[in-house]
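**Student:** For reference, the sequence and a predicted model appear below.
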Amino acid sequence: MSFLKEFKEFAVKGNVVDMAVGVVIGGAFGKIVSSLVSDIIMPIVGALTGGVDFKDLKLSISEGIAGLPPVTINYGMFIQTVVDFLIIAFCIFCVIKGINSFKRKQEEAPAEPEKPAPDIELLTEIRDLLKNR
């Protein structure tokens, strides 16, 4: 089998396409949640902490020398990223939990019993007739 033919079979499989769609939607979902965190949640947290903007929190290691910017550890951006992650993880958890509960409800629905084969039905009728004699 040629390399291109194998690649075509791999790329066209349903799972790969589903995964690609999931990655695209996940990227868009991440942007929405990042906006939620940076534009709505963090300003509220900043107001509750006395107007502190976490993005501006940093520790200066050395001052700028000869026109170079100072070397800093931007721990505020790290805090922002951790909050983003926690909110994204929580949202994904809620979505997965909802999907799982929906699947459980579908599984709990009673399925109709399969109708036995005609020869089994005939044998059952014969057994019932003999039993009633």
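**Tutor:** Received, thanks.
**Student:** Please enumerate the helices of the protein.
**Tutor:** 3-12, 14-36, 42-48, 75-108, 118-132 (DSSP state H).
**Student:** export those helices to JSON lines and tack on distance to residue 60?
**Tutor:** All C-beta atoms are positioned from the backbone trio N, CA, C, and that covers glycine. Shown next, in JSON lines, are these (distance: least, CB to CB, whole Å):
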{"stretch": "helix 3-12", "distance to residue 60": "49"}
{"stretch": "helix 14-36", "distance to residue 60": "27"}
{"stretch": "helix 42-48", "distance to residue 60": "21"}
{"stretch": "helix 75-108", "distance to residue 60": "11"}
{"stretch": "helix 118-132", "distance to residue 60": "83"}
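**Student:** now the ones you listed as TSV including distance to residue 62 and mean neighbour count?
**Tutor:** Converted to TSV, the helices of the chain look like this (distance: least, CB to CB, whole Å; neighbours: other CB atoms under 10 Å):
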stretch	distance to residue 62	mean neighbour count
helix 3-12	50	10
helix 14-36	31	11
helix 42-48	28	13
helix 75-108	16	12
helix 118-132	86	9
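**Student:** Output those as JSON lines; include the columns distance to residue 55 and mean pLDDT.
**Tutor:** JSON lines is the format used below for those (distance: least, CB to CB, whole Å; pLDDT from 0 to 100):
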{"stretch": "helix 3-12", "distance to residue 55": "40", "mean pLDDT": "79"}
{"stretch": "helix 14-36", "distance to residue 55": "12", "mean pLDDT": "80"}
{"stretch": "helix 42-48", "distance to residue 55": "8", "mean pLDDT": "81"}
{"stretch": "helix 75-108", "distance to residue 55": "5", "mean pLDDT": "82"}
{"stretch": "helix 118-132", "distance to residue 55": "72", "mean pLDDT": "88"}
